[in-house]
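Q: need the 3D shape of this:
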Amino acid sequence: MRKFLLTWYGLTDFRASLGFEGTDGPIAGALAADSYSDVIILGYTRADNNPSECPEDQKAFSAELDSIHNSGHAKDWMTTGSFVSKFANTTVAHEYFLTWLQGKFISRDGSVSIHLKSEKLRELNDTEGIYACAIRALDWVAQQSGEKLVTLYLSPGTPVMAFVWAFAALGHPELKKRLIASPVIGKAPETISLPTEWLERHGAKKEAIQDIAKGFDVMFHLFGEQRMPALLGIRQFEADHHIFLNSKDYPADCMRIFLDGRSFYEIPVDPWDDRAIHEKITQIVKSFPARTRIAINLTGGTKLMFTGALAAARELGAVPVYFDSRNRRVTFVNSLYRETIRPIDSVEYFLLLNGDGLKLSNCGSMEDFSLERRSLTKAMWVHRNKISKSYQKLCELNKYFKPFHLCESGFEFVLEKDCSAKVKGYGLDLHFEKWPDFAKYLSGGWFEEYVYAQCKPYEEKGIIKDLRINVKLELDQAYSGGISERSSEHNELDITFTDGYSLYIVECKAGKVTQEQVMKLQNLVRFYGGVEGRGIVACCFPPSAESVRKKIDDARLKLWYGSAFPEQIRVLMDDIARRAQLIGESK
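A: Just a heads-up that it's a prediction; the model follows:
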């Protein structure tokens, strides 16, 4: 039987490895007290730690540590504390601790395997991040073959880390596991038990979710500024009736279009009164027949709405669910059973969800993606430096339709009265029968098509979904609701696609990039993509103004530009594919 030890490590363990403590620390003490075949150590890594930017850290670490020991200050708290504060929770510290621990316990026959996984968190007590780390570790162990015993060590790390280990332990009822803790450093750890009430509640809720695949009769949604959680709930579970609890500031009428004729109910509530939320839900449920299957989507709304709805779910025996979009999981809160969030394959879901009455007037398909047009687009990219000198003339031609004959930058561009177009230059001799928007293409539209062509192979591989170009939205005259400011300011998207969970919007600029254009993209991403939206500024040339670069960074947008463009696309697509693989492996 394989015996696993899973633990975080903290400052006491790190100080012990440095020789600053009178003991070997909690983890070394646990390994000395019992035998394990596999040791998985999670190490919190500071968000500002980037080893590639600090290649001298290892030398500085070794030199300063040798100096402390050689000067006899290894027991001086002020001296050692300064060293620990400087290097703790960094890659160089992790490497040193792992090497030290392996040197003490790895036997010659290789019967003990010790691994340390660096984990970056938003902050030291990032509960959701810590929980995700613990679940990933347990998921990995669960996938290992053969009989196994899993020991979760609560003592190292912060109190939040200890609590989350205990909470996460409920998530894998099939694993044989135990919890240990060290009451006194230097003494062997003791086995501890979870409270009986926790275990009873866990067992009861596990039974309640056994028929999840059949869906529910009624689903409640906490509805607020972010609409995506409600859409995820509608798509994830079958339900005949959907009830939205929302304040007057955030009407839920926009969700009707996603219900396909199923019942829609909107219940006004005070989002800051948890008791009222609890009472409202329980009062509504009293009118339902016995054995009505009820789910409550806790993800939207305020924290007090969450509190009141969770209390109601526990009282009523309803199934509370929470959508963790960052880790792409839906968690059944009381049981900790998890499913992968069902992916969204169409960008229209994102756009219609947040469009406030706008509809797609242009579906965003590439009508002419012929070999000749692709050849021209590629030539425009190759000679973009020369073409850029002609943009002023080309933009003037784009203001109104008229035939033209333009010889610029080694190209000859002709648009005839019958809307046929000709291009000569750099080995090209092309003729297009009907191209009324030829001037628009030359003045920048070609770059949008180039970006589209660069992304297209990744759609064909299945890495991204529903790649579209020049999506336009306009007011639906049949829409009965009020039109908000967010629906009327911006309604054109150059390039857009989804990875199944986030909406990506690419703003394409063949010429100069301005702060106003960056702000436009930032607003588009926020309006249509929500908190998980992603924006990309694609340009032929890197922005020359430092203020523009800073605005792109501050808006958390990616930048694709110049000769680095294809590689920058590849890096993003590799990241999308890698994350999808990790999600698939954790199912």
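
Q: which residues of the stretch 201-350 of the chain score low on pLDDT?
A: By pLDDT under 70, the low-scoring segments of the stretch 201-350 of the chain are 201-213, 334-336.

Q: and the residue lying farthest from the centre of the chain, what element?
A: Largest separation from the mean C-alpha position in the chain: residue 417, at 50.4 Å (Cα atoms, centre = their mean). Per DSSP states H and E: residue 417 is located in neither a helix nor a strand.

Q: what separation is there between it and residue 429?
A: Note on residue 417: its distance to residue 429, by Cβ to Cβ, to the nearest Å, is 21 Å. Bear in mind the C-beta positions are built from the backbone N, C-alpha and C, glycine included.

Q: cool, and residue 117?
A: Where residue 429 is concerned, residue 117 sits at a distance of 59 Å (Cβ to Cβ).

Q: more neighbours: these two, which one.
A: Per other Cβ atoms under 10 Å, whichever of residue 117 and residue 429 has more neighbours is residue 117, with 14 against 9.

Q: is it true that the more buried one lies in a helix?
A: No: the assignment for residue 117, made by DSSP: H, G, I helix; E, B strand; the rest coil, is strand rather than a helix.

Q: name the nearest residue to it, sequence neighbours excluded.
A: residue 42 (5.6 Å; Cβ to Cβ, 6 or more residues apart in numbering).

Q: low-confidence ranges, the chain, go.
A: Along the chain, segments meeting pLDDT under 70 span 49-56, 107-110, 186, 194-213, 334-336, 361-365, 367-368, 398-401, 475-490, 583-587.

Q: at 50 what do you get?
A: Counting by pLDDT under 50, the ranges of the chain that qualify are 204, 478-490.

Q: need the single longest helix in it, by residues.
A: When the chain is scanned for its longest helix (criterion: DSSP state H), the result is helix 565-585.

Q: that helix packs against which elements?
A: Based on contacts counted as 3 or more Cβ pairs under 8 Å, 6 or more residues apart in numbering; DSSP states H and E, the elements that helix 565-585 packs against are helix 446-460, strand 558-561.

Q: quick check: buried residues in the helix or strand that comes right after the first one?
A: Just to be clear, that refers to helix 446-460. Beyond helix 446-460 on the C-terminal side, the first helix or strand identified by DSSP H and E is strand 465-475. Within strand 465-475, the residues that qualify as buried by neighbour count (16 or more other Cβ atoms under 10 Å) are 465-471, 473, 475.

Q: turn those residues into TSV, including distance to residue 57.
A: TSV is the format used below for the buried residues of strand 465-475 (distance: Cβ to Cβ, whole Å):
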residue	distance to residue 57
465	41
466	44
467	42
468	45
469	45
470	48
471	46
473	50
475	57
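
Q: ok, residue 121 - contacts?
A: Residues in contact with residue 121 (Cβ atoms under 8 Å, 6 or more residues apart in numbering) are 44, 47, 129-130, 133.

Q: an error on my part: the question was meant for residue 545.
A: Each residue near residue 545 by Cβ under 8 Å, 6+ apart is listed here: residue 515.

Q: what's the domain layout of the protein?
A: The chain breaks down into these domains under automatic domain parsing: 2-194, 210-342, 371-395+402-440, 445-585.

Q: next, the distance between the ends of the shortest one.
A: Same thing as domain 371-395+402-440. In domain 371-395+402-440, first residue to last residue: 20 Å (Cα to Cα, to the nearest Å).

Q: quick check: which of the domains of the chain is nearest to residue 356?
A: Ranking the domains of the chain by their distance to residue 356 (criterion: Cβ to Cβ) puts domain 445-585 first, at 3.6 Å.

Q: which of the helices or strands spans the residue lying closest to residue 443 once chain neighbours are set aside?
A: Excluding the flanking residues, the one nearest residue 443 by Cβ to Cβ, 6+ apart is residue 394, at 3.9 Å. Under the criterion of DSSP H and E, residue 394 resides in helix 391-398.

Q: relative to helix 391-398, how tilted is whichever helix or strand comes after that helix?
A: Counting by DSSP H and E, the element after helix 391-398 in chain order, helix or strand, is strand 404-408. Orientation check (axes from the mean of the first three to the mean of the last three Cα atoms, to 10 degrees): strand 404-408 against helix 391-398 gives 170 degrees.

Q: strand 404-408 pairs with which strands?
A: strand 411-415 (antiparallel) (DSSP bridges).

Q: what's residue 265 sitting at in phi/psi?
A: Dihedral angles of residue 265 (phi, psi; degrees, to the nearest 10) stand at phi -130, psi 140.

Q: tally of neighbours for the nearest residue to it once chain neighbours are set aside?
A: Once flanking residues are discounted, residue 265 sits nearest to residue 243: 4.5 Å by Cβ to Cβ, 6+ apart. Residues lying near residue 243 (other Cβ under 10 Å) number 22.

Q: wouldn't residue 243 be in contact with residue 262 here?
A: No: if you go by Cβ atoms under 8 Å, residue 243 and residue 262 don't touch, sitting 11.2 Å apart.

Q: most tightly surrounded among the helices and strands packed on helix 565-585?
A: Mean neighbour count (mean count of other Cβ atoms under 10 Å) peaks for helix 446-460 among the helices and strands packed on helix 565-585, with a mean of 20.
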